[in-house]
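> mind folding the following:
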Amino acid sequence: MVEKKPASRRFRSQGAPLPACVHLRLADGTNLTARVRVSSRARRTRLSLSPYGHLTITTPEGMPPSLLEQTLPQFLPWLERAWKKRRATAPRQQLPPSIALPLAGLTFAVRTEGDMAAGKLAAARHHENHFSLLARIGSQRLLLVQSVDCLRLFGAVEDASLCVKALRQWCRHMAEILLPAYLDNLARQAGFALEKISVRDQRSRWGSCARTRRANGRSQPQEKDRQRAQDGAMHGASLTAQGRAGRLAAKLFSLFTARPENNGGRQAGLLTTNQEYSPAGQQGQPVGRISLNWRAALLPLPLLEHLCWHELCHLRHMDHSPAYRAELARYSPHWPQQEKALNDAWRDLPWWALPGEGEPSPAEGEED
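Predicted structure coming up:
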């Protein structure tokens, strides 16, 4: 996301409400529409352009509509350059032929098929070895049916926005199953203590870490880790019956375990009954929470492993100091190259997974 920021300004009084959107006109006659977003944290007005071509103008609370109109011309020089660059570099908007999840060792073909009736029939025929999800935008509906190696789309398959939404929902569900289990496994092996692992939809980073406390002896989360290792269960955060992933875990787990990789019969990132338990959270160890971007499920396994070590090492050094880099080098010796590869992977995300509004239709209107 790129943005332009005029001078900072605060407004104490609440005047007339701002419009829901504003219109900008480029020199070539292109009319663009920007959504107006009011933020209590904003100190200045800024305009942002998402990878999908959506424009959002964020304003401080209490900004008068007349001042917003006066501010718009300041954005035009930047917008002219940014829109021209986007047109030249925008990814081709088409569904992928397949989606690979390297951590699970699985690749799913993506196919558009029949109407909703056909989709419901397909879901009913193979209910034991598949799962399905329904995506909606307004009155449009699309049913995604997953089998062992295929994602079949039924319904409004001509709606690219709806197809993107369904694929993103599916991939996030898969990430909520796979990523916490994998990160938890690495943390126990290296003696890191984690209180919570979550999967989120960050727009500008692969993950984040927050330290919560220092462990004093064995903490309650560690007792749960021991029990999970003994039971051969997946990470509790991804199997809780309350969450979205929990409702899909039973169906997904059978798919993952049905096709293990050639690594001694153990699926990458999943726990087994004979896996050695390494206690985390020894006395004095910092305990923290880590959030991973669901898009990390698309990363090659070496990059995903480096990302996990990157976040885990922040539990011991909440900065990027020489001490942090030395700690990271213990677990990821080639970290400089891996950091660069992570940045490249973010820029090379497939079109359907790009951070943004999740809607491929741009802000562009009719040209006069």
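> mind listing the helices for the protein?
65-71, 76-89, 116-125, 160-190, 220-231, 236-239, 244-258, 301-313, 322-331, 335-347 (DSSP state H).
> these: lowest mean pLDDT?
Least confident of these, judged by mean pLDDT, is helix 236-239 with a mean of 36.
> how about the contacts made by residue 94?
Residues near residue 94 by CB atoms under 8 Å, 6 or more residues apart in numbering: residue 351. The way it works is simple: take the backbone N, C-alpha and C, and place the C-beta from them, glycine included.
> swap in residue 120?
Per CB under 8 Å, 6+ apart, neighbours of residue 120: 143, 154.
> quick check: it vs residue 134, distance?
10 Å (CB to CB, to the nearest Å).
> got it, and residue 355?
24 Å.
> ok, back up a step: now the helices of the chain as TSV including distance to residue 44?
Putting the helices of the chain into TSV (distance: least, CB to CB, whole Å) gives the following:
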stretch	distance to residue 44
helix 65-71	10
helix 76-89	14
helix 116-125	47
helix 160-190	31
helix 220-231	41
helix 236-239	37
helix 244-258	36
helix 301-313	31
helix 322-331	32
helix 335-347	26
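> for residue 287, which of these is the nearest?
For the helices of the chain, distance to residue 287 was read as CB to CB. The smallest value, 7.5 Å, belongs to helix 220-231.
> what residues of stretch 328-339 count as buried?
By 16 or more other CB atoms under 10 Å, the buried positions in stretch 328-339 come out as 328, 331, 332, 335, 338, 339.
> off-centre distance for stretch 314-321?
Remark: stretch 314-321 is offset 23 Å from the chain centroid, using CA atoms, centre = their mean, to the nearest Å.
> hang on, residue 153 packs against residue 166?
Yes - under the criterion of CB atoms under 8 Å, residue 153 makes contact with residue 166 at 6.6 Å.
> which residues do these two both contact?
142, 144.
> neighbour-wise, which of the two wins?
Taking other CB atoms under 10 Å, residue 153 and residue 166 do not tie; residue 166 has more neighbours (26 against 22).
> look up how far residue 51 lies from the nearest residue in space to the more buried one that is not next to it in sequence.
Closest residue to residue 166 apart from its sequence neighbours, by CB to CB, 6 or more residues apart in numbering: residue 135 at 3.9 Å. To residue 51, residue 135 is 20 Å away according to CB to CB.
> the more surrounded of those two?
residue 135 (23 against 20).
> rewinding a little: and residue 355 and residue 134? which has more neighbours close in?
Taking neighbours as other CB under 10 Å, residue 355 and residue 134 compare with residue 355 leading, 18 against 14.
> so what's that one closest to, chain neighbours aside?
Using CB to CB, 6+ apart and skipping residues adjacent in sequence, the residue nearest residue 355 is residue 203, 4.0 Å away.
> over to the one you found: give its phi and psi.
Backbone torsions of residue 203, given as degrees, to the nearest 10, read phi -100, psi -10.
> quick one: residue 106 and residue 149 touch, right?
Yes - with contact defined as CB under 8 Å, residue 106 reaches residue 149; the gap is 7.3 Å.
> picking up where we left off before, any residues in contact with both of residue 120 and residue 134?
Counting by CB under 8 Å, 6+ apart, the residues touching both residue 120 and residue 134 are residue 143.
> how close does the closest residue to residue 99 other than its chain neighbours get to residue 297?
Distances taken as CB to CB, 6+ apart put residue 108 closest to residue 99, at 5.2 Å, once the chain neighbours are dropped. Distance, residue 108 to residue 297, using CB to CB: 12 Å.
> how far away is residue 293 from residue 328?
Residue 293 sits 19 Å away from residue 328, going by CB to CB.
> contacting residues for the closest residue to residue 147 other than its chain neighbours?
Nearest non-adjacent residue to residue 147, counting by CB to CB, 6+ apart: residue 130, 4.9 Å away. By CB under 8 Å, 6+ apart, the residues touching residue 130 are 123, 145, 146, 147, 148, 251.
> and what of residue 194?
183, 184, 187, 221, 280, 287, 288, 289, 290, 315.
> apply 6 Å and report the result again.
The contact partners of residue 194, by CB atoms under 6 Å, 6 or more residues apart in numbering, come to residue 187.
> out of the helices of the chain, which gets nearest to residue 211?
Comparing those by CB to CB, helix 301-313 comes nearest, at 11.4 Å.
> in the closest one, which residues are buried?
By neighbour count on 16+ other CB under 10 Å, the buried set for helix 301-313 is 303, 304, 305, 306, 307, 308, 309, 310, 311, 312, 313.
> and the fourth one, how far from residue 291?
So the one you mean is residue 306. 17 Å.
> reformat the buried residues of helix 301-313 as JSON lines; add distance to residue 19.
Compiled in JSON lines, those are given as follows (distance: CB to CB, whole Å):
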{"residue": "303", "distance to residue 19": "43"}
{"residue": "304", "distance to residue 19": "43"}
{"residue": "305", "distance to residue 19": "48"}
{"residue": "306", "distance to residue 19": "45"}
{"residue": "307", "distance to residue 19": "41"}
{"residue": "308", "distance to residue 19": "44"}
{"residue": "309", "distance to residue 19": "47"}
{"residue": "310", "distance to residue 19": "42"}
{"residue": "311", "distance to residue 19": "41"}
{"residue": "312", "distance to residue 19": "46"}
{"residue": "313", "distance to residue 19": "47"}
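> who's residue 109 bridged to?
Residue 109 has these beta-bridge partners by DSSP bridges: residue 98, residue 150.
> I'd assumed residue 98 was in contact with it.
Yes - at 4.9 Å, residue 109 counts as touching residue 98 under the criterion of CB atoms under 6 Å.
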